[in-house]
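A.B. asks: sequence and predicted model, in that order:
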Amino acid sequence: MVNKDDYMNIPKEDFEFYSREGDIKDKKLDTKPVGYFRDALGRFARNKSSVLAAFILAFLVLFAIFVPVFFSNNYTNSLTDTTYLQYTKLLPKSHYKFLYNMGWDGCNKATIREDIYNSYIAMAMETGYNPVVKVYGDPYFDESSSSNIAFYDVKIDSYTKNGMIYLTLTTAEYEAIQAWQNETGIQVIYPAVDSSKIKVESLKTNANIWYMCTNKGTPKINAAGGLDSIYKTSGNDGDYHSLRVAGDDGSYKYATVTGTSDAKSYKVRVFTYTYFKYRYGEYPCFLFGTNAYGQDILTRLASGARFSLLFAVIIATINMVIGTIYGAIEGYYGGVIDLVMERISDILSEVPFIVVASLFQLHLARKVGAVPSLLFAFVLTGWIGMASTVRMQFYRYKNQEYILAARTLGASDARLMFRHIFPNAIGTLITSCVLSIPAVVYSESNLTYLGIVNLDSSTRTSIGSLLSAGQSLLSTYPHVVFFPAIFISLMMISFNLFGNGLRDAFNPSLRGTEGN
Amino acid sequence: MVKYVIKRIALMFFVFFVILTMCFVLVKLLPQTNAVQFGKDANLILQRREALGYNKPILVQYAIFLKRSLLQHDWGVSEALYLGQDVWKVFVSKIPATLMVNIYSMLLSVPLGLLFGIYAALKKNKWQDHVISTMVMVFISVPSYVYALLVQYLLCFKLKIFPLQMKSGTDYFSWAMFISVVPAVLSLAFGTIAGLTRYTRAELSEVLTSDFMLLARTKGLTRGQATIRHALRNSMVPIFPMILGEFVSILSGSLIIEKIFGVPGVGQLYLNSITALDYNFYMLLTAFYTLIGLVSGIVVDISYGFIDPRIRMGER
């Protein structure tokens, strides 16, 4: 008698083919199989707002990467060159006619006193560039004030209103400017003034005065209604051989020479607007204006954004790696290991982030620098969220049959964890990784804004530092704050929309739980 | 339930002590900043430090610290900011300003947030909902200091409705004081309103589609009755703990808003203690912030059990 349970030794002839002839009723699949990521991509593409956010984000990232590469200038970063302190707080201005006409013209409206107005006009008489672009209505008097001074409502060009500065040049520099003047026909050096004709000592350093002035430095209008110049006509000017201002019969001197014959220095009056063209090849024109140090906000913002983004991406990557390993071990082994590791992460997650950041800053900033210590602070607690995501997925999948099958086949723990279970967590992990980037940018900008961390230096900045530097100028020069604020807001909105889109695409079951 | 609460509170104190210990040790390891300055005698400073026990072993210092701070409210004297003053007293004097700004902002944002959320849920997938959801997305994403700067520029500087900074002084209930905190309150409220709106909308719209709502309608209630009596009540189960948690955490205030609007509160004090390296303030405020975070977490968890009898705490 054959033992029915003896299935190890079933005789060969008892087997037979199920079907050798005839049709197989199964239909062959003729559609392409759709993988997980392809499926997710398809779902993502259907979410219009997320796609739009992705495009905006791509634009912002490209802006951050390429603008510093192509538009970086020496007036972007360095704080060492004092001459460009003359180009501070310039208003946004564009070459393009369309933007220019929309008010992107570097001008602002202001109400100025008559004496200031006159000194602007005097500036215009000398250089031909009138800082007063437009006068609105007639001058008026302030009824409440006892003084008899008229006020003007005007539109002022911030690029030319700074006028002249004194520069001290070497012989080579002096000759170079003269040669450039001869070549281009643009006047940079203006005649030196006879400082003995300026009565007040403190006004002698004011390079804008080329006229007989009152004790307050305002132009004295002569009987003919004009101004009397006080240009220097005697003394050495190092054989000036270049352009001369209108009305110069050759007697005006263009520099004050000091020093010995082998190391002469020339003190000259230069016009900031044309001097910029000489230095950098073009007239000053900053699309986003300049800040309080004369740095171009466009390139400064882009390099700050590049730093912030790069920093956030690095932190997100590190957190993802640590979180994955930690969460995998917790979730896979469970039991006591899980309990102990959970308590550790519980305690860490309860420490307020501001405390962590400030402690790291106090302890490490001097030893390893501000950036690495901030990085450590973010990494110390940042991985906890990722770890709990991974842990949850591991708990969900570790008892499934296919894991049991793999284990029976002899797969090692590490192989089970990272080959069989981990891929299930990738979707949620990518989502939380992407959503952690704006969170890091946000906290970093918060910390730098508060001044707990200082990331600002001549070659490096972050969005938070830009905002914090501009806050004191908010009422007078809002553009210094405005552009970084717009940038970070746009970046945050598109990052969140993009992250939500990703979440919906990777986990369709979660759709709608958070209101979008 | 009681057992669960006790367990949670015990765990909270354990975590609190661990964090406090870590911070204490880390702060003690920091270099002391009392450098010799003009007009200060180095020997005198060293003697004072010796007398105060700064040179004892760190564990002894920790024991003294715990005994003094937790039992006698003596957190030491200020070393830099308010030289020689009692840290605890200064801290207590800073609380009202923070509390005032944050309570006003809660009073503004809770009703508005609930209102917008309910409205959006009732009009789900209509244009009103889309408008509200878009606004919520914008206000949640934009950093709070951006609106703070906008509020300051538009309302305080351009329109000159409010003063740029908060009024100093302790007349917390005067009209001038109220006007001067409005910008700070507004800036704080935007984010809270947006968060609450999003949460309320999500919860309520989930409840509105559940089966018992259908039952309520079939037994003859009007839509309004069904919504108010059944949907709202049920959706409040997760929303109310969240509001409660917010109420606890408002004590800690917002560092950034306090800095921008010059609110002389706890957040400012914390910032100043970091820049001035005033470690006694730093320890006190660190403990304070940690405790606030822990307590608000527990309040949220426990209040679930009290609000909704279906949730049994601590049972498996």
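C.D. replies: Good, I have the coordinates.
A.B. asks: quick check: closest non-adjacent residue to residue A:142.
C.D. replies: residue A:151 (6.2 Å; Cβ to Cβ, 6 or more residues apart in numbering or on different chains). Placement of C-beta: from N, CA and C, glycine included.
A.B. asks: hmm, I was thinking of residue A:442
C.D. replies: Leaving aside its chain neighbours, residue A:442 sits nearest to residue B:143 (5.7 Å; criterion: Cβ to Cβ, 6+ apart).
A.B. asks: can you list contacts of the helix or strand containing residue A:57?
C.D. replies: If you go by DSSP states H and E, residue A:57 is part of helix A:48-71. Here helix A:48-71 makes contact (Cβ atoms under 8 Å, 6 or more residues apart in numbering or on different chains) with A:44-45, A:76, A:296, A:298-299, A:302-303, A:305-306, A:309, A:487, A:490-491, A:493-498, A:500-502, A:504-505.
A.B. asks: what packs against the helix or strand encompassing residue B:138?
C.D. replies: Assigned by DSSP H and E, residue B:138 falls within helix B:127-141. For helix B:127-141, the packing partners by 3 or more Cβ pairs under 8 Å, 6 or more residues apart in numbering or on different chains; DSSP states H and E come out as helix A:479-506, helix B:87-122, helix B:175-208.
A.B. asks: mind putting those helices into JSON lines with distance to residue A:357, mean pLDDT and mean neighbour count?
C.D. replies: Converted to JSON lines, the helices and strands packed on helix B:127-141 look like this (distance: least, Cβ to Cβ, whole Å; pLDDT from 0 to 100; neighbours: other Cβ atoms under 10 Å in any protein chain shown):
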{"stretch": "helix A:479-506", "distance to residue A:357": "19", "mean pLDDT": "89", "mean neighbour count": "23"}
{"stretch": "helix B:87-122", "distance to residue A:357": "20", "mean pLDDT": "90", "mean neighbour count": "20"}
{"stretch": "helix B:175-208", "distance to residue A:357": "20", "mean pLDDT": "88", "mean neighbour count": "21"}
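A.B. asks: related to what we said a few turns ago, now the helix holding residue A:57 against helix A:479-506, angle please.
C.D. replies: Put simply, helix A:48-71 runs at 130 degrees to helix A:479-506, going by axes from the mean of the first three to the mean of the last three Cα atoms, to 10 degrees.
A.B. asks: chain center to the following helix or strand past helix A:48-71: distance?
C.D. replies: Scanning forward in sequence from helix A:48-71 by DSSP H and E, the next helix or strand is helix A:97-101. Distance of helix A:97-101 from the chain centroid (Cα atoms, centre = their mean, to the nearest Å) equals 24 Å.
A.B. asks: whether the helix or strand that helix A:97-101 is followed by contacts chain B - can you check?
C.D. replies: Later in the chain than helix A:97-101, the nearest helix or strand by DSSP H and E is strand A:107-113. No - between strand A:107-113 and chain B, judged by Cβ under 8 Å from any Cβ of the partner chain, nothing touches; the nearest distance is 12.9 Å.
A.B. asks: ok, then the element right after strand A:107-113?
C.D. replies: Scanning forward in sequence from strand A:107-113 by DSSP H and E, the next helix or strand is helix A:114-127.
A.B. asks: list the buried ones in that next one?
C.D. replies: For helix A:114-127, a neighbour-count test (16 or more other Cβ atoms under 10 Å in any protein chain shown) marks A:115, A:116, A:117, A:118, A:119, A:120, A:122, A:123, A:125, A:126, A:127 as buried.
A.B. asks: if we ignore the residues flanking it in sequence, what's nearest the second one?
C.D. replies: The shortest distance from residue A:116 to any residue other than its chain neighbours is 7.9 Å, reached at residue A:218 (Cβ to Cβ, 6+ apart).
A.B. asks: next up, the contacts around the one you found.
C.D. replies: Contacts of residue A:218 (Cβ under 8 Å, 6+ apart): A:115, A:116, A:118, A:119.
A.B. asks: pLDDT value on the last one, please?
C.D. replies: In this case it means residue A:119. Per-residue confidence at residue A:119 stands at 85 (pLDDT).
A.B. asks: I figured it hits residue A:214, correct?
C.D. replies: No - using Cβ atoms under 8 Å, residue A:119 makes no contact with residue A:214, being 10.6 Å away.
A.B. asks: lowest-pLDDT helix or strand in the chain?
C.D. replies: This is for chain A. Sorting the helices and strands of chain A by mean pLDDT, DSSP states H and E puts helix A:97-101 at the bottom, at a mean of 79.
A.B. asks: switch to chain B, please.
C.D. replies: helix B:42-52 (a mean of 76).
A.B. asks: could you give the separation of that helix from the chain centroid?
C.D. replies: Helix B:42-52 sits 38 Å away from the centroid of its parent chain (Cα atoms, centre = their mean).
A.B. asks: can I get that helix in CSV? Just the C-alpha atoms.
C.D. replies: Coordinates of each C-alpha in helix B:42-52 appear next as CSV, following Å, rounded to 0.1, in the frame of the first residue of the first chain:
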residue,chain,number,x,y,z
ALA,B,42,40.9,90.0,37.6
ASN,B,43,41.6,88.7,41.1
LEU,B,44,38.3,89.9,42.3
ILE,B,45,36.5,88.1,39.5
LEU,B,46,38.4,84.9,40.2
GLN,B,47,37.7,85.2,44.0
ARG,B,48,34.1,85.7,43.3
ARG,B,49,33.9,82.7,41.0
GLU,B,50,35.7,80.6,43.7
ALA,B,51,33.2,81.8,46.3
LEU,B,52,30.2,81.0,44.0
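A.B. asks: pretty sure residue A:460 belongs to a helix, no?
C.D. replies: No - assessed with DSSP: H, G, I helix; E, B strand; the rest coil, residue A:460 is coil; it does not lie in a helix.
A.B. asks: now render the contacts of residue A:218 as TSV, adding distance to residue A:278.
C.D. replies: What follows is the contacts of residue A:218, written out as TSV (distance: Cβ to Cβ, whole Å):
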residue	distance to residue A:278
A:115	31
A:116	28
A:118	29
A:119	24
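A.B. asks: lovely, talk soon.
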